[in-house]
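Trainee: Got a predicted structure here, sequence first:
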Amino acid sequence: MKHNQLKAFPEDFFWGGSTSAYQVEGAWDEDGKGPSVIDMANHVEGVTDFKVTSDHYHMFKEDVALMAEMGFKAYRFSIAWTRIYPQGAGEVNQKGIAFYSSLIDELIKYGIEPIVTMYHFDLPYALEKQGGWSKRETIDAFEQYAKTLYENFGDSVKYWLTINEQNMLILHPGSIGTLDTSLENPQKVLYQQNHHMLVAQAKAMVLCHEMLPDAKIGPAPNIGVIYPASSKPEDTLAADNYAAIRNWLYLDMAVFGRYNHIAWSYLVEKGYEPVIEEGDMDILAMGNPDFIAFNYYTSQTVGESLDDGNDFSHTGDQHEIVGEPGAYRGSVNPNLQTTEFGWEIDPVGFRSTLRQIYSRYQLPLIVTENGLGAFDKLEEGDVVNDPYRIDFFKKHIDQIQLAITDGVEVFGFCPWSAIDLVSTHQGSSKRYGFIYVDREEFDLKDLRRIRKQSFYWYQKLITTNGEVR
């Protein structure tokens, strides 16, 4: 649909940026913090670990000042569960509470809205050793953790996100480095873990509404439009299958409190359906999010499964494979360009994704990740030219405005990432930030913060509320 007149971005639109605790904070074992599954995972050979990252833990005041200089209206970050509960449960670590209190106070000082992700991949290792999300006790631990966050930060934090990219934890656990390769039937176990996470999420949403009636809370999955590989009806059916399994299972549960029927039929067919205990569905029906946060990087394309051993295809990321015999066949989209890392670039698919989510759920949307990873270069005179990132964002922000004009309610854009950090499995060389952090994979150098070309561009865009792109 073409529009003769575009709607402006809302005056109170949350222009900002995002990070996660384990990728930006460093200080992995300082001030009482316990180890997480990320800390104890096997790291990709040839790239850095997460012990220091960008050292945001010690440099957050400088980082927040730079965000304020850019004009951020919001900052979406995650709290490390193991800074609050080093063992996942039990005794609260007051030094962890103090750190996040200081960070939140610093944001508020500059008029930046804190948007807090409660869980971003980094399950406490102590809980993992006891069975992790396979055990129902982890639901209770998460609920207690949520309660502690609300008690300590609820006066200052009005926007909460439950679980970051739960669908990626289930569909691509290998890419996060936390998959138990010894499991005899990993998919069966993963979908039981998924069910427990969904129950934990619902409990956290219920508790938020009870304890913080003025706050808002929502899920934060990775959602992307799914294209059929051709106009062949079987390919369209395959796209429907994958969209249900990848996208709608998670959002249907968060919003409606029920399993998507296509996704459930897939689980039954494969023998992956979880054990649902009495009372679970009642809890799930009580979740009622106030908004939907979602991460979007790319669309995906699938075709009819031929079940011939060739249904699997790489997404461009060497750790992520798409394909499910009997359901859909991974494919590529010849109409799209790709990044240096092989990810397909699809701004128009972003608009389609926004429209699809809003059409299904009629809840306000906030984009909590979107960005371009690249090998940025520091040039003489502390110059980092990243016109490719500016071009990427321009095209995607254009599509947000078109979606708003389509009638989609979007209240924020917090791209990945506010500052350079350590990519989950591609190290510090794959950079996403508006702010360059002067370090290499195994040479921390001075960790100096340097404004990129995109920093100044985003600053101008925020100043004009998206008018100047």
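Mentor: That came through fine.
Trainee: Please make it C-alpha for all contacts and neighbour counts, starting now.
Mentor: Will do.
Trainee: Now do the SS call for P114.
Mentor: strand (DSSP: H, G, I helix; E, B strand; the rest coil).
Trainee: pLDDT at it, what is it?
Mentor: On pLDDT, P114 comes in at 98.
Trainee: ok, it to T162 distance?
Mentor: From P114 over to T162 the distance is 14 Å, taken as CA to CA, to the nearest Å.
Trainee: What of G427?
Mentor: When CA to CA is applied, the distance between G427 and T162 equals 26 Å.
Trainee: got it, and E269?
Mentor: Computed as CA to CA, the E269 to T162 distance reads 29 Å.
Trainee: who's more crowded, the two?
Mentor: Remark: of E269 and T162, T162 carries more neighbours, 27 against 11, as counted by other CA atoms under 10 Å.
Trainee: wait, doesn't that one sit right on I115?
Mentor: No: taking contact to mean CA atoms under 8 Å, the distance of 10.8 Å between T162 and I115 leaves them out of contact.
Trainee: you'd agree Y75 is in a helix?
Mentor: No: Y75 sits outside any helix when classified using three-state DSSP, being strand.
Trainee: for it, which residues make a bridge with it?
Mentor: Going by DSSP bridges, Y75 is paired in beta bridges with G17, P114.
Trainee: Report the contact partners of it.
Mentor: The contact partners of Y75, taken as CA atoms under 8 Å, 6 or more residues apart in numbering, are G16, G17, S18, L107, I112, E113, P114, I115, C414.
Trainee: Now do the contacts for the fifth one.
Mentor: Listed by CA under 8 Å, 6+ apart, the contact set of I112 reads A68, F72, K73, A74, Y75.
Trainee: do the last one as well
Mentor: The contact partners of C414, taken as CA under 8 Å, 6+ apart, are 14-18, 74-76, 366-370.
Trainee: could you redo the last one with a cut-off of 6 Å?
Mentor: With CA atoms under 6 Å, 6 or more residues apart in numbering as the criterion, the residues that contact C414 are G16, G17, S18, V367, T368.
Trainee: Now the residues you listed in JSON lines, please, with extra columns for pLDDT.
Mentor: Compiled in JSON lines, the contacts of C414 are given as follows (pLDDT from 0 to 100):
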{"residue": "G16", "pLDDT": "98"}
{"residue": "G17", "pLDDT": "98"}
{"residue": "S18", "pLDDT": "98"}
{"residue": "V367", "pLDDT": "98"}
{"residue": "T368", "pLDDT": "98"}
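Trainee: circling back: any idea which of the contacts of I112 is closest to V52?
Mentor: Y75 (20.9 Å; CA to CA).
Trainee: give me the number of residues near S359?
Mentor: The number of residues near S359, taken as other CA under 10 Å, comes to 12.
Trainee: gap between it and D252?
Mentor: Note on S359: its distance to D252, by CA to CA, is 12 Å.
Trainee: SS state for the residue nearest to R136 when sequence neighbours are not counted?
Mentor: In space, not counting the residues next to it along the chain, R136 is nearest to H196; the distance is 6.5 Å by CA to CA, 6 or more residues apart in numbering. For H196, the secondary-structure state derived from three-state DSSP is helix.
Trainee: Give the residue spans of the stretch 151-300 of the chain that score low on pLDDT.
Mentor: Applying pLDDT under 70 to the stretch 151-300 of the chain picks out residues 175-179, 181.
Trainee: mind listing the strands in it by residue range?
Mentor: Ranges of strands within the stretch 151-300 of the chain are 159-164, 216-220, 226-228, 292-295, 300-303, based on DSSP state E, counting those that start in this stretch.
Trainee: residues making contact with the longest one?
Mentor: If I follow you right, that is strand 159-164. Residues from elsewhere that reach strand 159-164 (CA under 6 Å, 6+ apart): I115, V116, T117, M118, Y119, H120, K216, I217, G218, P219, A220, P221.
Trainee: List the buried residues in it.
Mentor: Using 16 or more other CA atoms under 10 Å as the burial criterion, the residues of strand 159-164 that qualify are Y159, W160, L161, T162, I163, N164.
Trainee: I226: which of those residues is nearest?
Mentor: Within those, the smallest distance to I226 is 20.2 Å, found for N164 (CA to CA).
Trainee: Give the buried residues for stretch 361-381.
Mentor: The neighbour-count check on stretch 361-381 (16+ other CA under 10 Å) flags 363-374, 376 as buried.
Trainee: So which of these are in strands?
Mentor: The members of these that map onto strands under DSSP state E are L365, I366, V367, T368, E369.
Trainee: of those, closest to D420?
Mentor: Within those, proximity to D420 (CA to CA) peaks at E369, which comes in at 13.8 Å.
Trainee: Show me what that closest one is bridged to.
Mentor: Counting by DSSP bridges, E369 forms beta bridges with N295.
Trainee: Pull stretch 61-71 out as PDB, backbone CA atoms only.
Mentor: Presented in PDB, the C-alpha positions along stretch 61-71 are these (Å, rounded to 0.1, in the frame of the first residue of the first chain):
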ATOM      1  CA  LYS A  61      28.500   6.600  33.800                       C
ATOM      2  CA  GLU A  62      30.500   7.500  30.700                       C
ATOM      3  CA  ASP A  63      28.400   5.300  28.500                       C
ATOM      4  CA  VAL A  64      25.100   6.800  29.800                       C
ATOM      5  CA  ALA A  65      26.500  10.300  29.200                       C
ATOM      6  CA  LEU A  66      27.200   9.300  25.600                       C
ATOM      7  CA  MET A  67      23.700   7.900  25.200                       C
ATOM      8  CA  ALA A  68      22.300  11.200  26.600                       C
ATOM      9  CA  GLU A  69      24.500  13.100  24.100                       C
ATOM     10  CA  MET A  70      23.000  11.100  21.300                       C
ATOM     11  CA  GLY A  71      19.600  12.100  22.700                       C
END
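Trainee: Let me see the ranges of the helices in the stretch 101-250 of the chain.
Mentor: If you assign secondary structure with DSSP state H, counting those that start in this stretch, the helices in the stretch 101-250 of the chain sit at 125-129, 137-153, 166-171, 173-176, 186-211, 233-243, 249-256.
Trainee: Could you tell me how many residues sit around L183?
Mentor: Residue crowding around L183 was assessed by other CA under 10 Å; the count is 10.
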